[in-house]
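Asks: take this sequence and fold it.
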Amino acid sequence: EYRGLVKHTGGCHCGAVRFEVWASAELHVFNCNCSICTKKQNRHFIVPASRFKLLKGADNLTTYTFNTHRAQHTFCKTCGVQSFYTPRSNPDGYGIAPHCLDDGTVQTIVTEDINGKEWEKAVKEHKTIRDMSKP
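Replies: Numbers count the residues shown, from 1 in each chain. Purely as a prediction, here's the structure:
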């Protein structure tokens, strides 16, 4: 459906939440050092909302927010795994945890550190992060 992209599938640990996402087979993953990403070891890649589809488990999701309440940290009520969320940097898209994808569709992962401890400065200075959720 999307030229140059592959359909990845994934979900939480217990299987209550399942999704599909269209993205490159070569993933650009952010490793953020903000307070919540550090605690959760949240590494993620960003996609437009139009390339994400929740297949099952909407009723099994709950959301945590803090500070500006722009980021929507969504996780499974049963197993506690956050397989995707709505990042503050890209409220029109999703941050997908690559470790929650099913095997077989990811070819490579390039990880980029981002200084979430100085979030406003880091996002302002980043050349492409805001555009990653644009179709």
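
Asks: from the centroid of this structure, which residue is nearest?
Replies: Nearest to the mean C-alpha position of the chain, counting by C-alpha atoms, centre = their mean, stands G95 at 1.7 Å.

Asks: so who does that one touch?
Replies: By C-beta atoms under 8 Å, 6 or more residues apart in numbering, the contact list for G95 reads 30, 42, 44-46, 84-87. Backbone N, C-alpha and C define where each C-beta goes, glycine included.

Asks: ok, now W22?
Replies: Residues in contact with W22 (C-beta under 8 Å, 6+ apart) are 1-2, 5-8, 47, 51-52.

Asks: Q82 and T108: what is the separation?
Replies: Distance, Q82 to T108, by C-beta to C-beta, to the nearest Å: 23 Å.

Asks: which residue of these two possesses the greater neighbour count?
Replies: Shown here are Q82 and T108; by other C-beta atoms under 10 Å, Q82 has more neighbours (21 against 9).

Asks: assign that one to helix, strand or coil.
Replies: coil (DSSP: H, G, I helix; E, B strand; the rest coil).

Asks: and the nearest residue to it once chain neighbours are set aside, how many neighbours?
Replies: What sits nearest to Q82 in space, not counting adjacent residues and going by C-beta to C-beta, 6 or more residues apart in numbering, is F75, at 4.2 Å. For F75, the count of nearby residues is 20 (other C-beta under 10 Å).
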